[in-house]
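A.B. asks: here are the coordinates; sequence isn't available:
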């Protein structure tokens, strides 16, 4: 692989998984890492998330061919500033953030002379922190790269090769289109999940203990993504505001239509929508983006 | 067990699971079953969902101590009418429907002289049909009974004993309170999931194939329950209209508040909500109502 040394800034779920995936899939590549939290650095060293854990970001990137910022979107600019002094001229700067236009703009401001290629591996779990990462997180998942106009072809190829070596499939698109697509497939679902879990926990006539007891009726599916990292998600909504508000508007109109169908006892309208949505899940399973077993294969079920 | 013979009307996911659970957990109890669909009856016989598959509901209930209606909520009255002529006087009539007040009323009209004890095991998967059932579906799940005033204590005890023998925990409440609780923990989540999957599949600027490709960002969690049986869910919304519309109203207000926080860049409001919702998931896991492993323990992840 062309990239020989990777610096990972931020050693939580994503950063830790990149480190472990390199160790498994590209063992010749050297990894160094930094996290602002000393406890996280200590735990990262214990788990061996990267070869070298540094107490200073400038130290971590000194010999890097590729720097991957794995911090919340709102912390990208600050993280880039801290490593600017020692960043090699040839190094590619990338990230794993969930919105791309705002990250591209802020990294460009801080590092105007470097090759910046923002990236977003569409993978994760509801867990966070240095114990959450694992080597197979990116396997059979898409990694979206949003290269700016005029970026060197060779560097784009190097970054693609890197992600493919970790098991991901690479796709290229503009940051603006990325932000619109992810507003639908990730940001709106998280917003809705956070809302409904909040709604259910604050009711007058139904207690919180009842909500928990009877959550297997469907509610529990929403609680998984509503348990995701609060800082990461706060930053996503602040940084992809326009696309999220646009999608939220469409969703609200659709919900109003369904509300009207219920109020008018329009069973046919309900049946039509409820039939259509099955096809989408079938495709997601066919394309290997979800588990086909009932209940996502949750362990407590044991179909023959 | 006091109940010695159970008739199961409707041999899909729920009916089939009751049959298989009896075979596993209470092998001395005899089971007979009926389904309106001849193909389902044939498959039920092949899988051995019940001891005797009957082509006539009146035949299936002739010797039953307990009849469990496992049909969509809108089909309960018709199913009860068909078995009325041969139903033994002492038989308990129950069901597994997701709303209870409307079922109680319609069964009372059709079978005014029988002991009717509506029930709702809060368990299921997104699958349906005679191949979907499995014996462990009710283990460690709640089964809510909504006995009418004046029902014989002995019969209520018999039905509780039956569900407990299948591994369920029994809870008693009024049909009205049941319908309100389930509107939050099950009906509203399904409505929201159906809506967002519909919204995502009908966009102009984002293609359906992009939605499927990048669904691992969160969207795929919603597609599971949006793949549930359309007839069953149409009937739920038509039969628990008031409670669902009331919960939908509260949800919409909460969503509007969150929308405003995003528009005003109110990061603190977002962070507060996103932190609060984690506690709910923790409780659900502690009480054994969901899988603690990341991603619900989906098979493609392999944390150390």
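C.D. replies: Looks like it came in fine. It should be emphasised that the depicted structure is a prediction, and the values quoted were computed from it without experimental measurement.
A.B. asks: which stretches in the stretch 1-150 of chain A count as helices?
C.D. replies: A:13-25, A:38-47, A:57-61, A:76-83, A:101-110 (DSSP state H, counting those that start in this stretch).
A.B. asks: for residue A:115, what are its contacts?
C.D. replies: A:91, A:92, A:93, A:151, A:152, A:155 (C-beta atoms under 8 Å, 6 or more residues apart in numbering or on different chains). (C-beta placed from N, C-alpha, C; glycine too.)
A.B. asks: surely the first one touches residue A:63?
C.D. replies: No - taking contacts as C-beta atoms under 8 Å, residue A:91 lies outside contact range of residue A:63: 9.2 Å.
A.B. asks: more neighbours: the two, which one.
C.D. replies: residue A:91 (24 against 15; other C-beta atoms under 10 Å in any protein chain shown).
A.B. asks: quick check: the gap between the more buried one and chain B.
C.D. replies: 28 Å (C-beta to the nearest C-beta, to the nearest Å).
A.B. asks: excluding its backbone neighbours, what's nearest that residue?
C.D. replies: residue A:64 (5.2 Å; C-beta to C-beta, 6 or more residues apart in numbering or on different chains).
A.B. asks: check whether that neighbour really touches residue A:6, as I assumed.
C.D. replies: Yes - here residue A:64 reaches residue A:6: they are 6.3 Å apart, a contact under C-beta under 8 Å.
A.B. asks: shared neighbours of the two, anything?
C.D. replies: By C-beta under 8 Å, 6+ apart, the residues touching both residue A:64 and residue A:6 are residue A:32.
A.B. asks: grab the nearest non-local neighbour of the closest residue to chain B within the stretch 201-304 of chain A.
C.D. replies: For the stretch 201-304 of chain A, the residue closest to chain B is residue A:217, as judged by C-beta to the nearest C-beta, at 2.9 Å. The shortest distance from residue A:217 to any non-neighbouring residue, by C-beta to C-beta, 6+ apart, is to residue B:186 (2.9 Å).
A.B. asks: now swap in residue A:165 and tell me
C.D. replies: residue A:26 (4.8 Å).
A.B. asks: again with residue A:140
C.D. replies: residue A:288 (5.4 Å).
A.B. asks: the one you found and residue A:142 touch, don't they?
C.D. replies: No - Residue A:288 lies out of contact with residue A:142 (C-beta under 8 Å); the separation is 10.8 Å.
A.B. asks: reformat the helices of the stretch 1-150 of chain A as a markdown table; add distance to residue A:168 and mean pLDDT.
C.D. replies: Output for the helices of the stretch 1-150 of chain A, formatted as a markdown table (distance: least, C-beta to C-beta, whole Å; pLDDT from 0 to 100):
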| stretch | distance to residue A:168 | mean pLDDT |
| --- | --- | --- |
| helix A:13-25 | 9 | 98 |
| helix A:38-47 | 22 | 98 |
| helix A:57-61 | 23 | 97 |
| helix A:76-83 | 21 | 98 |
| helix A:101-110 | 18 | 97 |
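A.B. asks: picking that back up, share the number of residues neighbouring the residue nearest to residue A:140, please.
C.D. replies: 13.
A.B. asks: surely it is in a helix?
C.D. replies: No - secondary structure of residue A:288 (DSSP: H, G, I helix; E, B strand; the rest coil): coil, not part of a helix.
A.B. asks: what does stretch A:152-162 contact?
C.D. replies: A:1-3, A:6, A:26, A:65-66, A:92, A:94, A:115, A:117, A:119, A:145, A:147, A:170, A:172.
A.B. asks: next, the buried residues of it.
C.D. replies: Across stretch A:152-162, burial judged by 16 or more other C-beta atoms under 10 Å in any protein chain shown covers A:155, A:156, A:158, A:159, A:160, A:162.
A.B. asks: what's the helix or strand for residue A:292?
C.D. replies: Remark: residue A:292 resides in no helix or strand, with elements defined by DSSP states H and E.
A.B. asks: residue of the stretch 51-200 of chain A nearest chain B, please.
C.D. replies: For the stretch 51-200 of chain A, C-beta to the nearest C-beta, closest residue to chain B: residue A:186, 2.9 Å.
A.B. asks: which parts of the stretch 51-200 of chain A sit against chain B?
C.D. replies: With C-beta under 8 Å from any C-beta of the partner chain as the criterion, the stretch 51-200 of chain A meets chain B at residues A:98, A:122-127, A:132, A:134-137, A:139-142, A:144, A:171, A:180-182, A:184-200.
A.B. asks: out of the residues you listed, which are buried?
C.D. replies: Counted by 16+ other C-beta under 10 Å, these give A:98, A:122-127, A:132, A:134-137, A:139, A:141-142, A:144, A:171, A:180-182, A:184-200 as buried.
A.B. asks: where does chain A have low pLDDT?
C.D. replies: Low-confidence segments of chain A (pLDDT under 70): A:299-304.
A.B. asks: got a list of contacts for the longest helix seen in it?
C.D. replies: Looking across chain A with DSSP state H, the single longest helix is helix A:241-263. The contact list for helix A:241-263, computed with C-beta under 8 Å, 6+ apart, reads A:179-180, A:182-184, A:187-188, A:191-192, A:237, A:266, A:269-270, A:273, B:191-192, B:194-196, B:198-199, B:203, B:237-238, B:241, B:244-245, B:248, B:252, B:255, B:259, B:262-263, B:265.
A.B. asks: measure residue A:31 to chain B for me?
C.D. replies: 17 Å.
A.B. asks: nearest spatial neighbour of that residue, skipping sequence neighbours?
C.D. replies: residue A:50 (4.0 Å).
A.B. asks: contacting residues around the one you found?
C.D. replies: Residue A:50 makes contact with A:8, A:11, A:19, A:31, A:32, A:33, A:44 under the criterion C-beta under 8 Å, 6+ apart.
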